[in-house]
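Enquirer: Build me a model from this:
(2 chains)
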Amino acid sequence: MTSAFTRSLMKLMDEHDDIITITADMGYSVFENIQTKFPKRFFNTGVTEQASASFAAGMALSGYKVFFYAQAAFATMRCFEQVRLDVAYNHTNVKIIGTNAGFSLNQLGASHFSVEDIGLMRLLPQFTIFTPGDPKEMEWAMKEAYKIDGPVYIRFTKLGSKTFHPRSFTNKIGNIIILAKGIDATLFISGGLLEMGMEVRGELKKKGIDLSVVSVPTIKPINSEMVLKEIRRTKTVFTLEEHSVIGGLGTTIAEIIAEANLNIHFTKIGFPDKYTSVTGSIAFLLDYNGISVDKIVKVILKKIKYS
Amino acid sequence: MKIKDDYGLLIKEAKEIRKQIFSIIVSANASHIASSYSIVEILVYLYERVLKIDPKKPTDFNRDRFILSKGWGISALYSILYKKGFIDKKLLDTYCQDGSKMIGIATRNGVPGIEATTGSMGHGLPIAVGMAKALKLKNSNAKVYVIISDGEMDEGSTWEGILLAAHHKLDNLTVIVDYNKWQSFGRTNEVLNLEPLTDKWKAFNWNVCEVDGHSFPQIHKAFESLKMVKKQPKVIIAHTVKGKGLSIIEDKNDYHYKTPRGSELKIAHKEGLI
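Expert: Residues are numbered from 1 along each chain as shown, chains lettered A, B, ... in the order given. Got it, this is the predicted structure:
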């Protein structure tokens, strides 16, 4: 995923000389080539997330499109007020790249986990939020981020490196993408859990259940009509994300369902509303928070059995 | 003698601006009159002698940028923007009225001449650093000026911006610290001591001048001497008096919050502010 990001940024900076990239001292093995190739348009602003967000806004107000890169936790929550007031309120062309979201920095604990960032960012008017689920969605999100006149948040984790879309993949902002069309239930996924979602589909198929797997690469804005069309089709709906069950994809879909007065079955699968105070592999931490193929299959089976 | 005459005109304008501030603050029953009075001479000097901004083209790319980081001094900025023709009297008189864009803290909402939304402290300087860097990259000769408060120097983001500006050698950036020695709830040296303030800026590789922020000759001298400075950002530490210009509010923190009223209006009248 990171290499898709770097590749896309390199290409965009090659094509457009109004792009500035700044990083708050992050980017080891990510930015070396960009730094060498564009010494006048790449800045390491040091460990100054607050000033960096304001600096990015200042540059954007003076005619640049600024990609601001840092760990998701620090690019959003550390400098949330600067993002809110300087980046969002001023409707600037600042594109925040939140890398290593979720439990990506699995060994590093609470300071580096980022499981609340989408919830916070969704609150900000004017922001477009991308949660690319594979390298093709990342390339598309980067291209769109450049084209959009306004602030953008691209959020990704260490997962999602397997490609699901064709080479020529493109999409419309807000549209969802049905990866596998089923008839019994729908699993909406944002971010890097598409592979797990497809495995869940495979397991359920063995039990005679045909699950739809849908990728949601833009959390905001979202094409509610498309979402509702899918929901009305299967009437049993699950969401899956590397984020708290509060504020992210699950909440977004729940809001759509609530406002449409639908009588359907709905379950959010994400991180429960509590802190994770242990370390371990990413797979372990996901499983610890209820996210593994087996656990998701169980949740879905239980729901379908009683529905 | 010409220079003396110039200062006379500036002094006269400062008086007019204080009258204007008084009028809109009292009409709106608004706060922060003392914060505005503390920066009147600096603003008058900036708008009369320094800033190259055409009021008819306030978004022209090559304009100088001015950011009032201490956005709560906005009644002073609105008053001078009116005086210089950026906004009209009709708009000025809606200050803090229902539905008006003339908000009580600097807000970038389309009012000509307002470059940034500030008032949440420690934002103006880092934004200005980004603007100054962008102008250099675009080979523009435009300059960026920021007034920050002493209270804002408590904020970590201000110091992050100070580091960034010096690292990038932004000699197109000038900061003026309105050092009136009051912050929201007390004296700066009692709440969070900033001293030795000049040494701190120097140690961060800025070119520093100290002035009496109400003395036009001193302000003039500082801006003239800083013109020569290359490859360093510049800061003027302006020693000021909060509430300067109206005896009963001078050096009193109460008028960060209170609006003059009742018998205070008579004194203001006697002192030529009404």
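Enquirer: contacting residues around B:Leu43?
Expert: The neighbourhood of B:Leu43, defined by Cβ atoms under 8 Å, 6 or more residues apart in numbering or on different chains, consists of B:Ile17, B:Ala76, B:Leu77, B:Ile80, B:Ile147. Just so you know, the C-beta spots here come from the backbone N, C-alpha and C atoms, and that holds for glycine as well.
Enquirer: just checking, it is part of a strand?
Expert: No: residue state for B:Leu43 (DSSP: H, G, I helix; E, B strand; the rest coil) corresponds to helix; a strand is not indicated.
Enquirer: Tell me which helix or strand comes right after the helix or strand encompassing A:Ala254.
Expert: When elements are assigned from DSSP states H and E, A:Ala254 belongs to helix A:249-259. From helix A:249-259 onward toward the C-terminus, using DSSP H and E, the following helix or strand is strand A:265-271.
Enquirer: need the contact list for the residue of the stretch 1-150 of chain A found nearest chain B.
Expert: Scanning the stretch 1-150 of chain A for proximity to chain B using Cβ to the nearest Cβ identifies A:Gly58 as nearest, at 2.3 Å. By Cβ under 8 Å, 6+ apart, the contact list for A:Gly58 reads A:Asp86, B:Ala116, B:Pro126, B:Ile127, B:Ala128, B:Val129, B:Gly130, B:Met131, B:Ala132, B:Lys133, B:Ala134.
Enquirer: can you do 6 Å?
Expert: Applying Cβ atoms under 6 Å, 6 or more residues apart in numbering or on different chains, one finds that A:Gly58 lies in contact with B:Ile127, B:Gly130, B:Met131.
Enquirer: Name the nearest residue to the first one, sequence neighbours excluded.
Expert: The reference is to B:Ile127. With Cβ to Cβ, 6 or more residues apart in numbering or on different chains as the measure, A:Gly58 is the residue that lies nearest to B:Ile127, at 4.1 Å, once sequence neighbours are left out.
Enquirer: For the stretch 1-150 of chain A, what lies in contact range of chain B?
Expert: Counting by Cβ under 6 Å from any Cβ of the partner chain, the residues of the stretch 1-150 of chain A close to chain B are A:48, A:50-51, A:54-55, A:57-59, A:62, A:64, A:85-86, A:89-90.
Enquirer: so which helix or strand takes in B:Lys258?
Expert: Assigned by DSSP H and E, B:Lys258 falls within no helix or strand.
Enquirer: May I have the residues that are in contact with B:Glu205?
Expert: Not Glu; residue B:205 is Asn. The contact partners of B:Asn205, by Cβ under 6 Å, 6+ apart, come to B:Ala166.
Enquirer: again, 7 Å this time
Expert: Listed by Cβ atoms under 7 Å, 6 or more residues apart in numbering or on different chains, the contact partners of B:Asn205 are B:Ala166, B:Gln232.
Enquirer: Which of the three states applies to the residue of chain B found nearest chain A?
Expert: Nearest residue of chain B to chain A (Cβ to the nearest Cβ) works out as B:Gly130 at 2.3 Å. The local conformation at B:Gly130, judged by three-state DSSP, is helix.
Enquirer: Which residues of the stretch 51-200 of chain B lie near chain A?
Expert: Contact residues (Cβ under 7 Å from any Cβ of the partner chain) of the stretch 51-200 of chain B with chain A: B:108, B:117, B:120, B:123, B:126-131, B:133-135, B:137-138, B:156-157, B:160-161, B:163-164.
Enquirer: run the last query once more with 8 Å
Expert: B:61, B:108, B:115-117, B:120, B:122-123, B:126-135, B:137-138, B:156-157, B:160-161, B:163-164, B:167 (Cβ under 8 Å from any Cβ of the partner chain).
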